[in-house]
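In: have a look; sequence and predicted model below, questions after that.
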Amino acid sequence: MIGRITGAATRGLLVAVMVATPALYLPGYLTSSVEIVVLVAILGFILTFAEYNSAFPSFVEFRDAPPLNRLRFVALMSMVTFLTLIIKNQYEPTNVTALFSGLGLLTAHMVDFPYSPVRLIVLMLPDHSSLDTINAVRLSAGLAYVLSLTTILTFYFTIRVRGWPTGNGAFNVWINLPLFDPTTGGDVVARLQKDGRANMVIGFLLPFVIPAIIKIASNFINPFPMDNPHTLIWVVSAWAFLPASMVMRGMAMMRVAELIEEKRRRAYADADTEAMQTA
């Protein structure tokens, strides 16, 4: 019990720190509405603590199947931190911020080509955007997108080389997929495969679709103020993280379906062997 409470409190604290990171790193004159940041950080702590301190799952998937959620958190925390350092380099440059700004410039050169997601998110900016805002979005999007791809490849390595999730003991569908009801809707394997493919397709398309939707919506409503450092950090982080999270969820569901199918084949083989021996 003590271990569970400690683990839940640690996870909640890490989430709160992640939420507060831009406000902690950026200069004070760029940080407004500190009360809102503190409130969201406390809310993130409470929700995370309540979820991981409970013995019964509610909405967090793959809670007992590390390192999926750990990879997700590390990816989002890295995006928020690195993008914050890139933005800070424009106002209070240091050796550390210059290093991450150069890293962002390098990755932007790698992934900013015609019709790439990074090029599309730059093109979604209003025509009157300043050069500094365009460069900040370009560097931030390039680094965030590379981090998202790296996270997906890391999880793929975890599945195919390390055999996730079999290394963590028995996989409990109810605990790790609390929103998935295996008793309804036909064959479990077919449903998992269908949901997994749908998540992977949507996750692949989202980095292309989101900028287009925002660009179209800007004709009717005011677009996100990307010249605001906090808005830039969270919008770009969400743009890169959500698709990667959906792709990883799809890969995980496909893997669970594969394990269930393998278990069925072994059960059928054992039953056939037993029947032959009995005969």
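Out: That came in fine, so what should we check first?
In: what helix or strand does the residue lying closest to residue 122 once chain neighbours are set aside sit in?
Out: Leaving out its chain neighbours, the residue that sits closest to residue 122 by CB to CB, 6 or more residues apart in numbering is residue 138, at 5.2 Å. Heads up, the C-betas are built off the backbone N, CA and C, glycines and all. In the assignment (DSSP states H and E), residue 138 maps to helix 131-160.
In: mean confidence for that helix?
Out: The pLDDT scores in helix 131-160 average 94.
In: tell me what that helix is packed against?
Out: helix 68-88, helix 95-111, helix 117-123, helix 229-278 (3 or more CB pairs under 8 Å, 6 or more residues apart in numbering; DSSP states H and E).
In: what is the shortest one packed up against?
Out: Packed against helix 117-123 by the contact rule (3+ CB pairs under 8 Å, 6+ apart) you find helix 95-111, helix 131-160, helix 188-217.
In: okay, the angle between the last one and helix 131-160?
Out: What it means is helix 188-217. For helix 188-217 against helix 131-160, the angle by axes from the mean of the first three to the mean of the last three CA atoms, to 10 degrees is 180 degrees.
In: how far out from the middle of the chain is helix 188-217?
Out: 14 Å (CA atoms, centre = their mean, to the nearest Å).
In: could you do the shortest one as well?
Out: Taking CA atoms, centre = their mean, one finds the center of helix 95-111 at 21 Å from the center of the full chain.
In: now it: buried residues?
Out: Buried positions in helix 95-111, judged by neighbour count with 16 or more other CB atoms under 10 Å: 97, 100-101, 103-105, 107-108, 111.
In: would you mind writing the CA trace of that helix as PDB?
Out: Extracted in PDB, the C-alpha atoms of helix 95-111 (Å, rounded to 0.1, in the frame of the first residue of the first chain):
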ATOM      1  CA  ASN A  95      24.800  28.000 -23.700                       C
ATOM      2  CA  VAL A  96      22.100  25.400 -22.900                       C
ATOM      3  CA  THR A  97      19.400  27.200 -24.800                       C
ATOM      4  CA  ALA A  98      21.700  27.800 -27.800                       C
ATOM      5  CA  LEU A  99      22.500  24.100 -27.800                       C
ATOM      6  CA  PHE A 100      18.800  23.100 -28.000                       C
ATOM      7  CA  SER A 101      18.100  25.900 -30.500                       C
ATOM      8  CA  GLY A 102      20.800  24.500 -32.700                       C
ATOM      9  CA  LEU A 103      19.400  21.000 -32.300                       C
ATOM     10  CA  GLY A 104      16.000  22.300 -33.300                       C
ATOM     11  CA  LEU A 105      17.500  24.000 -36.400                       C
ATOM     12  CA  LEU A 106      19.300  20.800 -37.400                       C
ATOM     13  CA  THR A 107      16.100  18.700 -37.100                       C
ATOM     14  CA  ALA A 108      14.100  21.300 -38.900                       C
ATOM     15  CA  HIS A 109      16.400  21.100 -41.800                       C
ATOM     16  CA  MET A 110      15.900  17.300 -41.900                       C
ATOM     17  CA  VAL A 111      12.100  17.200 -41.800                       C
END
